[in-house]
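In: Okay, sequence plus prediction incoming.
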Amino acid sequence: MKIYELAASPSARRVSIFLKEIGLEIESVHVDIRAGENLTAEFLEKAANGRIPLLELDDGSHICESVAICRYLEAASEQQQSLFGNSALEQAQVEMWHRMVELQGLFPALQAFRNISGVYSDRENVIPSWGEESRSRLISFLPTLERQLSANKYIAGENFSIADITLFVLINFAKNIDVEIPAELSHLAQWFKTIASRPSVQ
């Protein structure tokens, strides 16, 4: 197998951390998205969404979208403790919080970065005001995380999950749009410190 990625991107980092958590090593192929390598005809033949990360299997088939890649890798390696949850309730809780972190946190952060920095202004419309609004939406979501972590060890409950991986990637990435954990959100700050000490994120 091969994973096509750019190490610094949030989606690629999510898969990288996930791989370390389940103890897998996969050959990595660097894709320069700034130079548009992901937009070439050769790459688009492999990736339906034209984005990284992209998993290439030994039989020549491909899987894009980082969460789909993580689901495949975990299922293929037959993990005893699933990072997507084991019981029906745990799976629902992980899915619930993972979706919230993605839709109310990571997606606004990415929109803020793209529209404020204008990093891809050569290939997409850039609306700075939407970037600022997205940044505000991310900031307003942080107290929700604080409330959840005030009563739980991890974001989806008592077990570490992919929701924690995505949240950790989000908090790290948010620094690019000048969003830090406010001092009053002590439970979120402690959670971040705990996750940052895991070998998978070093």
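Out: On my side now, so go ahead. Residues are numbered from 1 along each chain as shown.
In: List the buried residues for the longest helix seen in the chain?
Out: Determined from DSSP state H, the single longest helix within the chain is helix 128-149. Buried residues in helix 128-149, counted by 16 or more other CB atoms under 10 Å: 130-131, 134-135, 137-139, 141-142, 145-146, 148-149. Every C-beta, even on glycine, is put in place using the N, C-alpha and C of the backbone.
In: Repeat that for stretch 86-99.
Out: By neighbour count on 16+ other CB under 10 Å, the buried set for stretch 86-99 is 90, 93-95, 97-98.
In: Turn the residues you listed into a markdown table, columns for distance to A174.
Out: Formatted as a markdown table, the buried residues of stretch 86-99 follow (distance: CB to CB, whole Å):
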| residue | distance to A174 |
| --- | --- |
| E90 | 27 |
| Q93 | 24 |
| V94 | 22 |
| E95 | 23 |
| W97 | 17 |
| H98 | 17 |
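In: Closest one of those residues to C70?
Out: Nearest to C70 among the buried residues of stretch 86-99: H98, at 10.4 Å, using CB to CB.
In: Just the pLDDT at that closest one, thanks.
Out: Turning to H98, the model gives it a pLDDT of 98.
In: begin at 283 from here
Out: Understood, numbering begins at 283; the last thing we discussed is H380.
In: That one is in contact with G439, isn't it?
Out: No. Counting by CB atoms under 8 Å, H380 stays clear of G439, with 11.9 Å between them.
In: quick one: average confidence on stretch 428-446?
Out: 97.
In: same question but for stretch 301-314, I mixed them up
Out: Computed over stretch 301-314, the average pLDDT equals 93.
In: From start to finish, how long is that stretch in a straight line?
Out: Stretch 301-314 has an end-to-end distance of 21 Å (criterion: CA to CA, to the nearest Å).
In: With stretch 324-336 instead?
Out: Stretch 324-336 has an end-to-end distance of 13 Å (criterion: CA to CA).
In: before we move on, back to that, name the residues that touch the longest helix of the chain?
Out: By CB atoms under 8 Å, 6 or more residues apart in numbering, the surrounding residues in contact with helix 410-431 are 379, 382-383, 386-387, 390-391, 393-400, 437, 449, 456, 459, 461, 463-464, 467-470, 472-473.
In: Quickly list the domain ranges of the chain.
Out: Domains of the chain are assigned by automatic domain parsing as 284-359, 370-483.
In: contact partners of the helix or strand where E324 lies?
Out: Here E324, judged by DSSP states H and E, is contained in helix 323-326. The contact list for helix 323-326, computed with CB under 8 Å, 6+ apart, reads 286, 313, 319-320, 332, 336.
In: gap between A374 and D404?
Out: Applying CB to CB, to the nearest Å, the value for A374 to D404 is 42 Å.
In: ditto for H380
Out: Using CB to CB, H380 is found at 32 Å from D404.
In: before we move on, what about A294?
Out: Using CB to CB, A294 is found at 21 Å from D404.
In: and these two? which has more neighbours close in?
Out: Higher neighbour count among A294 and D404: A294, with 25 against 9, using other CB atoms under 10 Å.
In: Perfect, I'm done here.
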